[in-house]
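> Next come a sequence and a model predicted from it.
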Amino acid sequence: MARKTCFTDARTIAADVRAGTLSPVTVVEEHLDRIKDVNDDLTAYVTVLGDEARERARDIERALADGDDVGPLAGVPVALKDLYAAKAGVKETCGCKPLADARSEQDATFVERIEDAGGIVLGKTNVPEFGHKGTTDNELFGPTSTPFDVNRNAGGSSGGSAAAVAAGLAPLAQGSDGGGSIRIPASFCGVYGFKASHRRVPNRERPDAFGGIAPYTHYGPLTRTVADAALMLDTIAGPHPADPFTLPDDGTNYMGALEEPIDNLSVAYSPRLDGFPVDERVLDVVDEAVGAFVNSGADVVEASPDVPYSHRELCETWMRMHERLLAKTNETVKRTSDVDLLGDHREELTPVVAKQMEAGYETDTAAAFEWSVVRTAVFDSIQSILADHDILVTPTLAVPPVDNGVTMDGQVVGPTEVDGQDVDPLLGWCLTYPINFTGHPAASVPAGLTDEGLPVGLQIIGRRFDDETVLAASAAFERIRPWQADYPGQ
């Protein structure tokens, strides 16, 4: 049963808590009850911080009674991804069996900002091991399901966060995105996911502060409304001295962007992002959804970036880059936790993760140079099309949510074939990862449902650092085609 506040948007919750018409204790209790009711069917949360959340809610209630300003997220429940979203003293397993009892020593920068703004962390959400694929499943907790069909996957790697939001287990959730890991589950769970420009949202990553650039790793919100995403961005974005890639404060106004008209925008619509195979069920939904931009007055033309590589070559490049990233992850774990995943725990790792880690150690300079050449070509092609258009829109994914019964080595994966073409089951069906080569801001907005009632996402890609236009286009789309009534269990 859905409690009164469980499908209420974060802005309304925060306003009512600040006004004294809604108790943050009530909000937390209703969300914890909802988690108890439905989380076993979804496996969205893997750690629930019930006692801590209750105490935090009582502290906020006392502060309000004393007349204190508790912040823009006053009493709003928030879910954190069990990867990169460190909270001091709380488990961070990264979906990895050997790290089942690992705990963080300090807060991530965006976690600090969420709590400083009055947000209440409810727990940590499920991920594939080290975020290595576009579906969420691991040997510790099993698969995470989309609330639209519990037999189908929530997507990955922020699958638990997206499922939590879609199921009314939190109005706000944090995700990270190195190949689509915010946008992929946003599509499969019918929520809004925003990948801000690279390091618009900073983090203190140690011992390697420079590690999140190959491919670019971004942080951002998963929400049920565009306005809630803007609210969260207003809280977590902004420079931080511990992040060497942090963007300066350029006056970006996330909430202000929501009311910006888009009748002067030029929109490039690329149904296949220059060569990706896409399921006809997805194309039917997305083709219709693009009409929302026309109805908002924007100029929409069909156009594609001219990428001089096939989708197979692009996916292969991303996979090779990710192999090196996994090898670096092993080195990080050895240094920070004194655990050698490959040396002492190889048999406990997901088989593909073990193989990719090993391959990452074999990377040579010439191969890494070639990856950068491919990446540069993608960057140039996206820059070229955005020189003539304000945004580029595509399907987020080539397929609707995949079945949890489709596995490789016992782990849920995506399809091996789409529209008659072979694709990599880990990520090859995702039109998201090329934008992690480039660092552009991008979002996935719920485009509609297939005839089977499965959610489909529309990807909106903006010019470099132009997060405001992506938000403005998303908000305009939402006004024409609101999706909040679609969530099961309301």
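It's in.

> tell me the contacts of the residue positioned nearest the centre of the chain?
Central residue of the chain (CA atoms, centre = their mean): residue 182, 1.5 Å from the mean position. By CB atoms under 8 Å, 6 or more residues apart in numbering, the residues touching residue 182 are 158, 175-176, 193-195, 218, 220, 222, 444. No exception for glycine: its C-beta is placed from N, CA and C like everyone else's.

> And those residues, which two are furthest apart?
For the contacts of residue 182, the farthest-apart pair by CB to CB is 176 and 444; their separation is 14.4 Å.

> Could you list the low-pLDDT ranges of the chain?
1-2 (pLDDT under 70).

> circling back to that earlier point, compare residue 176 and residue 444 and say which is more crowded by neighbours.
Comparing residue 176 with residue 444 by other CB atoms under 10 Å, the one with more neighbours is residue 444, at 35 against 25.

> Just to be sure, that one is in a helix?
No: judged by DSSP: H, G, I helix; E, B strand; the rest coil, residue 444 forms no part of a helix; its state is strand.

> measure it to residue 320 for me?
25 Å (CB to CB, to the nearest Å).

> and what of residue 67?
From residue 67 to residue 320 the distance is 57 Å (CB to CB).

> now the helices: where do they sit in the stretch 351-490 of the chain?
351-361, 365-388, 434-438, 467-480 (DSSP state H, counting those that start in this stretch).

> now the ones you listed in a markdown table, with distance to residue 256 and mean neighbour count?
Conversion of these to a markdown table gives the following (distance: least, CB to CB, whole Å; neighbours: other CB atoms under 10 Å):
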| stretch | distance to residue 256 | mean neighbour count |
| --- | --- | --- |
| helix 351-361 | 42 | 19 |
| helix 365-388 | 22 | 15 |
| helix 434-438 | 24 | 26 |
| helix 467-480 | 8 | 23 |
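
> Same list (those helices) but as CSV, adding distance to residue 284.
Below are the helices of the stretch 351-490 of the chain laid out as CSV (distance: least, CB to CB, whole Å):
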stretch, distance to residue 284
helix 351-361, 32
helix 365-388, 24
helix 434-438, 23
helix 467-480, 17
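
> Of all the ones you listed, which one is nearest residue 289?
helix 467-480 (7.7 Å).

> Let me know the outermost residue of the chain.
Here the chain reaches farthest from its C-alpha mean at residue 66, the gap being 36.8 Å by CA atoms, centre = their mean.

> Please report the distance of it from residue 60.
11 Å.

> quick one, helices of the stretch 1-150 of the chain?
10-19, 24-42, 50-65, 109-116.

> was I right about residue 63 contacting residue 70?
Yes: using CB atoms under 8 Å, residue 63 is in contact with residue 70, at 5.2 Å.

> quick one: which of those two has more around it?
Legend: neighbour count by other CB under 10 Å for residue 63 and residue 70, higher for residue 70 (22 against 16).

> which residue packs closest to that one, ignoring adjacent ones?
Once flanking residues are discounted, residue 70 sits nearest to residue 118: 4.2 Å by CB to CB, 6 or more residues apart in numbering.

> Return the residues in contact with that neighbour.
With CB under 8 Å, 6+ apart, residue 118 has these contacts: 14, 17, 60, 70-76.

> Now the phi/psi pair for residue 220, please.
Dihedral pair for residue 220: phi -180, psi -180, per degrees, to the nearest 10.

> what's the neighbour count on it?
31.

> For residue 173, what are phi and psi?
phi -140, psi 150.

> Quick check, it in contact with residue 77.
No: judged on CB under 8 Å, residue 173 makes no contact with residue 77 at a distance of 9.4 Å.

> Could I get the buried residue list for stretch 306-320?
307, 309, 311, 314-320 (16 or more other CB atoms under 10 Å).

> Only C-alpha atoms, please: export that stretch in CSV.
Extracted in CSV, the C-alpha atoms of stretch 306-320 (Å, rounded to 0.1, in the frame of the first residue of the first chain):
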residue,chain,number,x,y,z
ASP,A,306,28.4,11.6,-38.4
VAL,A,307,30.4,9.1,-36.3
PRO,A,308,33.1,7.4,-38.3
TYR,A,309,32.9,4.2,-36.3
SER,A,310,30.2,1.5,-36.0
HIS,A,311,28.3,0.9,-32.9
ARG,A,312,30.3,-2.3,-32.4
GLU,A,313,33.6,-0.4,-32.6
LEU,A,314,32.3,2.2,-30.2
CYS,A,315,31.1,-0.4,-27.6
GLU,A,316,34.4,-2.3,-27.9
THR,A,317,36.3,0.9,-27.2
TRP,A,318,34.2,1.7,-24.1
MET,A,319,34.7,-1.9,-22.9
ARG,A,320,38.5,-1.7,-23.2
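
> Give me the three-state assignment for the closest residue to residue 451 other than its chain neighbours.
Closest residue to residue 451 apart from its sequence neighbours, by CB to CB, 6+ apart: residue 281 at 7.3 Å. Secondary structure state of residue 281, per three-state DSSP, is helix.

> residue contacts, residue 281?
400, 450-452, 456.

> ditto for residue 60
Residue 60 touches 17, 24, 70, 74-75, 118, 120, counting by CB under 8 Å, 6+ apart.

> any idea how far the residue nearest to it when sequence neighbours are not counted is from residue 282?
Excluding the flanking residues, the one nearest residue 60 by CB to CB, 6+ apart is residue 24, at 4.7 Å. Noted for residue 24: a distance of 40 Å to residue 282, by CB to CB.

> same thing with residue 408?
22 Å.

> out of these two, which sits in the busier spot?
Comparing residue 408 with residue 282 by other CB under 10 Å, the one with more neighbours is residue 282, at 27 against 16.

> what's the distance between the more buried one and residue 448?
Relative to residue 448, and taking CB to CB, residue 282 is found at 10 Å.

> cool, residue 281 as well?
Taken as CB to CB, the span from residue 281 to residue 448 is 11 Å.

> Now do the contacts for residue 488.
Neighbouring residues of residue 488 by CB under 8 Å, 6+ apart: 147-148, 167.

> try it again with 7 Å
Listed by CB atoms under 7 Å, 6 or more residues apart in numbering, the contact set of residue 488 reads 147-148.

> what's the answer for residue 422, then?
Here residue 422 is in contact with residue 416 (criterion: CB under 7 Å, 6+ apart).

> Bridging across strands, which residues link to it?
residue 417 (DSSP bridges).

> Touching, residue 96 and residue 127? I think so.
No: taking CB atoms under 7 Å as the definition, residue 96 is not a contact partner of residue 127, at 9.3 Å.
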